[in-house]
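**Q** prediction below, plus the sequence it came from.
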Amino acid sequence: MSLKPAPLPEPDPLIAEAVRVSWPRPDDQPLAVAIRDRMGGGWLKDEAFAPALGARGRPGYSPLVLALVTVLQYAEDLSDRETVLQVKSRVDWKYLLGLPLAGAVFDHTVLSEFRTKVAGAGLERVTLDALLEWLKEEGLVKAGGKQRTDSAGVTAAVAALNRLELAGESVRAVIEALAAAHPAWTKSVLDAGWLRRYGTPVTSWRPPMTEKKRDELAIAYAKDGYALLGAVDDPASPHWLKEIPAAGILRTVLLRNYAIVTGEDGKEVIRRREKRTPEGGDGLPPGDTRIASPCDTDARRGVKRDEFWLGYKLHITETCDDQPSCSCGGRCRKGCGAAAFPNLITDVATTPATVTGNAMTSVIDDRLAAMELAPARHYAGSGCLSAEILVREWRRHGIVLAGPLLAGTSPRARAASGYALADFTADYDRQVVTCPQGKTPVSWSPCVQNGKDKIAVKFPPGDCGPCPARDLCFTGKTRNRRQLSLDPRELAGARAANRDQEKTRSFQDDYARRAGIEGTMARAVRHGARYRGLPKTRLEHAFMAVALNLIRLHAYWTGIPLNRGNMTHLARLELNLAA
């Protein structure tokens, strides 16, 4: 299909008349009508999706129209079939899309094809970026304000498998793909035993009860997998069988979960990989490189505090500026701009579940700065902050990061017993550190540790050995003196200043505004991922951000609080009395 750029059609006169009769007042308009009347049809253009479509061939459906349909789909949480039904029957949707009252409407599969093309071309943020540009022009988002960021785990649209199930399902996925691609060849390779083991999903029956039998079954899966790949690689087999994606996935799963070693009798033996030892060897690779499901090779296992999941991680940033002054003279009523000023999403980032928050802080700030939306004050959680990040973001973008730093990670700091690093006083001018017992070190040596600038400090054994508090400082089993690793002056000063601020009431009251993003996160991840693969999940979250922004704009335009439907009778009574 090819793209023939065209503007969004004007509403059909019959549709426009029906809209005016049905919703004569602007504050009663549904979302789709409000978008068309207040934003027009020029904020999003067909040309933005050009890289996803060809320049030659039969003209396809307008990507502009399909993008708006997708936004409405996410706003109302509909399936593809339900969405197409709404396009056919809803007057307000036809008004937004410029569709005639009667006429052919696309099939629901067109939406899936649209998502595949857009995600494959890396254009998942086009609609969100276009909306942010319009919001900037309207003055609803701007640089220099206040924004907040949070992250949450997103469950993938696949079953969570253990290592035994992963091996079995990976073999079964290849058999299914081969049976669909070349039934005759598959039938000639497999016997009745394969059908018995892989005729149904591995997750549909209980694994053996004993660990010995589970290990035996895991090795059996590996042997079947290697045998199947050997048949695929056989010169007598069709060469194109090697290009089936499921076969490549199985190779990776076997390589990263099993090792082939030579036994005492000189024969090759397959054994399961276990956790990697300090000396290396044939242990399991890091979690961020291990496939967790043959149906979604991008999904990874993640952990955040006491939460575990298989899938991705979503990072959302939204505005949280102070409300503008009330224009009602203290009589807040429906339509007051101060009562409904929206907090709008300015950035979404979907990453593998193993990506930590502190790895995304600079990425998010860079993206906001590139769009001229960098905040003056950015609220983030402990997992997104460090002294190094505080200093770096201030230097690069002039952004003040607000949030509590992580507590010390040393055993004594975690146990809150003994002398941790915070109990030592450093004088950078004199290059001296004083321990809680008043002793000073014998050396102060700038160095590089793990790629970072540090200062190595060592106390003399003559002071540490006879010290009465040595048990509070170190155990003495492997060393006879205390050694410290200090940050450079600038980082240490930033950490100390931030920790002092954390204890103040003003900081705590100010940081409380970050809690408001929890509602956004709950709305965005409540159903987990709809689609498989990181590109489509990124597209899903970008369109979800657009939908949430438009819902909030609709509430701002109409003056209806977003939580009106969830208000208790007592709260509604209080609101009415105040008005």
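**A** Looks like it arrived, so ask away.
**Q** count of neighbours near Val118?
**A** 27 (other Cβ atoms under 10 Å). Where you see a C-beta, it was placed from the backbone N, CA and C, and this is true even at glycine.
**Q** show me what contacts Val253?
**A** Counting by Cβ atoms under 8 Å, 6 or more residues apart in numbering, Val253 makes contact with 166-167, 170, 225, 291, 294.
**Q** now for these, which pair is the farthest apart?
**A** Gly225 and Ile291 (13.1 Å; Cβ to Cβ).
**Q** more neighbours, the two?
**A** Gly225 (23 against 20).
**Q** check the closest residue to the more buried one other than its chain neighbours and give its pLDDT.
**A** Of all residues not flanking Gly225 in the chain, Val171 sits nearest, at 4.8 Å (Cβ to Cβ, 6 or more residues apart in numbering). Val171 is assigned a pLDDT of 95 by the prediction.
**Q** what packs against the helix or strand harbouring Val171?
**A** Element membership of Val171, judged by DSSP states H and E, is helix 163-181. Here helix 163-181 touches helix 183-189, helix 192-198, helix 211-233, helix 245-257, going by 3 or more Cβ pairs under 8 Å, 6 or more residues apart in numbering; DSSP states H and E.
**Q** hmm, 7 Å instead?
**A** On a contact count with 3 or more Cβ pairs under 7 Å, 6 or more residues apart in numbering; DSSP states H and E, helix 163-181 meets helix 192-198, helix 211-233, helix 245-257.
**Q** so of the ones you listed, which one's packed in deepest?
**A** helix 245-257 (a mean of 19; mean count of other Cβ atoms under 10 Å).
**Q** how far is that one from where the chain is centred?
**A** 25 Å (Cα atoms, centre = their mean, to the nearest Å).
**Q** just stretch 297-315 next, same as before
**A** 9 Å.
**Q** which residues in this protein form strands?
**A** Taking DSSP state E to define them, one finds strands in the chain at 146-155, 258-262, 268-272, 300-304, 307-319, 345-352, 377-379, 400-402, 425-427, 432-434, 443-449, 452-458, 483-486.
**Q** which one of those strands lies nearest to Leu53?
**A** Closest among the strands of the chain, using Cβ to Cβ: strand 345-352, at 23.5 Å.
**Q** show me what contacts Val400?
**A** Going by Cβ atoms under 7 Å, 6 or more residues apart in numbering, Val400 touches 376-377, 394.
**Q** most neighbours, which of these?
**A** Arg377 (17 neighbours).
**Q** quick one, domains of this protein?
**A** 13-123, 163-289, 305-407+499-578, 411-488 (automatic domain parsing).
**Q** Lys136 is nearest to which of those domains?
**A** Taking the domains of the chain one by one with Cβ to Cβ, domain 305-407+499-578 is closest: 7.2 Å.
**Q** and the closest one, what's its mean pLDDT?
**A** On average, domain 305-407+499-578 scores 85.
**Q** any idea how far Leu229 is from the spatially most central residue of the chain?
**A** What sits nearest the mean C-alpha location of the chain, by Cα atoms, centre = their mean, is Leu314, with 2.1 Å. Distance, Leu314 to Leu229, using Cβ to Cβ, to the nearest Å: 36 Å.
**Q** likewise for Gly42?
**A** For Gly42 relative to Leu229 (Cβ to Cβ), the value is 54 Å.
**Q** using a markdown table, please lay out the domains of the chain together with distance to Ala299.
**A** Shown next, in a markdown table, are the domains of the chain (distance: least, Cβ to Cβ, whole Å):
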| stretch | distance to Ala299 |
| --- | --- |
| domain 13-123 | 16 |
| domain 163-289 | 11 |
| domain 305-407+499-578 | 5 |
| domain 411-488 | 29 |
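**Q** relative to Arg148, which of those is closest?
**A** domain 305-407+499-578 (4.0 Å).
**Q** please state the offset of the closest one from the chain centre?
**A** Using Cα atoms, centre = their mean, the offset of domain 305-407+499-578 from its chain centre is 14 Å.
**Q** what's the burial count for the residue lying closest to Arg392 once chain neighbours are set aside?
**A** Spatially, and ignoring its direct neighbours in sequence, Arg392 is nearest to Ser362 (6.9 Å; Cβ to Cβ, 6+ apart). For Ser362, the neighbour count with other Cβ under 10 Å is 15.
**Q** ditto for Lys4
**A** 11.
**Q** which residues are in contact with it?
**A** Per Cβ under 7 Å, 6+ apart, neighbours of Lys4: Pro59.
**Q** ok, it to Glu10 distance?
**A** Look at Lys4 and Glu10: by Cβ to Cβ, they are 18 Å apart.
**Q** cool, Leu78 as well?
**A** For Leu78, the distance to Glu10 equals 26 Å [Cβ to Cβ].
**Q** these two: which has the busier surroundings?
**A** Legend: neighbour count by other Cβ under 10 Å for Leu78 and Glu10, higher for Leu78 (15 against 11).
**Q** who's in contact with the more buried one?
**A** Gln86 are the contacts of Leu78 under Cβ under 7 Å, 6+ apart.
**Q** start the count at 22 instead of 1 going forward.
**A** Sure, I'll start numbering at 22, so the last one becomes Leu99.
**Q** any idea how far it lies from Leu117?
**A** Note on Leu99: its distance to Leu117, by Cβ to Cβ, is 15 Å.
**Q** what do you get for Gly540?
**A** For Gly540, the distance to Leu117 - Cβ to Cβ - is 26 Å.
**Q** tell me which of these two has more neighbours.
**A** Leu117 (27 against 13).
**Q** how far away is the more buried one from Val54?
**A** From Leu117 over to Val54 (counting by Cβ to Cβ), the distance is 7 Å.
**Q** also Trp206?
**A** In terms of Cβ to Cβ, Trp206 sits 57 Å off from Val54.
**Q** of the two, who's got more company?
**A** Shown here are Trp206 and Val54; by other Cβ under 10 Å, Val54 has more neighbours (23 against 17).
**Q** what's the nearest residue to the more buried one if we skip its chain neighbours?
**A** Nearest to Val54 is Asp113, by Cβ to Cβ, 6+ apart, at 4.9 Å.
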